[in-house]
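S.K.: here is the input, now give the coordinates:
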Amino acid sequence: MAEQGFRAPHACQLVGITYRQLDYWARTDLLKPSLKPAKGSGSQRLYSFGDVVQLKVVKRLLDAGMSLKKIRQAIEILREQLQSDRPLADVTLLSDGQTIYAAHSSQEVVDVFRRGQGVFGIAVGPVQKELEGEIHALWETEEPALREAGV
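M.R.: Just a heads-up that it's a prediction; the model follows:
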């Protein structure tokens, strides 16, 4: 069975970004859709749930004032997490303002803070849970309209 995906407008709505931002991030390889990339004019990208979680993390890092260069490092950490079949919910991204670290346990979080003055942290698990609720709300509002349209 194919994984359910999210078209670009839904991904933008869930993450709180513009289509222009999403398009730029895909074209510059910050985060491409894993289910279906755009192939020419009129084709639609299809993002996985994991993609949307990563997009939300990118948005939070931008909101925290991180540069796109640093954000690319964070996304690489998340990609490694996915490739090792470890759940994204198990990672917390931390930054001391210079470097982004991945912590997988509370002890690792403490160790990062001991190395330097931590500026902020993003626990991916709560981001994932938040998105699950937003997706449910999105489907609740759109499903009746789709039923009425006969889709």
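S.K.: list the contacts for Lys129?
M.R.: Ala89 (CB atoms under 8 Å, 6 or more residues apart in numbering). Using the backbone N, CA and C atoms, a C-beta is placed for each residue, glycine as well.
S.K.: ok, it to Ala123 distance?
M.R.: Relative to Ala123, Lys129 is positioned 10 Å away (CB to CB, to the nearest Å).
S.K.: ok, now Lys39?
M.R.: Taken as CB to CB, the span from Lys39 to Ala123 is 35 Å.
S.K.: same check on Gln44?
M.R.: 31 Å.
S.K.: show me which of these two is the more surrounded one.
M.R.: Between Gln44 and Ala123, Ala123 has the larger neighbour count (other CB atoms under 10 Å), namely 16 against 13.
S.K.: who's the nearest residue to the more buried one once chain neighbours are set aside bridged to?
M.R.: The shortest distance from Ala123 to any non-neighbouring residue, by CB to CB, 6 or more residues apart in numbering, is to Thr92 (4.5 Å). With DSSP bridges as the criterion, Thr92 is bridged to Ala103, Ala123.
S.K.: what sits against Thr92?
M.R.: Contacts of Thr92 by CB under 8 Å, 6+ apart are Ala102, Ala103, His104, Val109, Gly121, Ile122, Ala123, Val124.
S.K.: my guess is Ile17 meets Lys56, correct?
M.R.: No. Taking contacts as CB atoms under 8 Å, Ile17 lies outside contact range of Lys56: 9.2 Å.
S.K.: okay, those two: which has more neighbours?
M.R.: For Ile17 versus Lys56, neighbours defined as other CB under 10 Å are more numerous around Lys56 (22 against 18).
S.K.: distance check, that one against Gln128.
M.R.: For Lys56 relative to Gln128 (CB to CB), the value is 8 Å.
S.K.: distance check, the residue nearest the centre of the chain against Leu31.
M.R.: What sits nearest the mean C-alpha location of the chain, by CA atoms, centre = their mean, is Gln54, with 1.7 Å. To Leu31, Gln54 is 6 Å away according to CB to CB.
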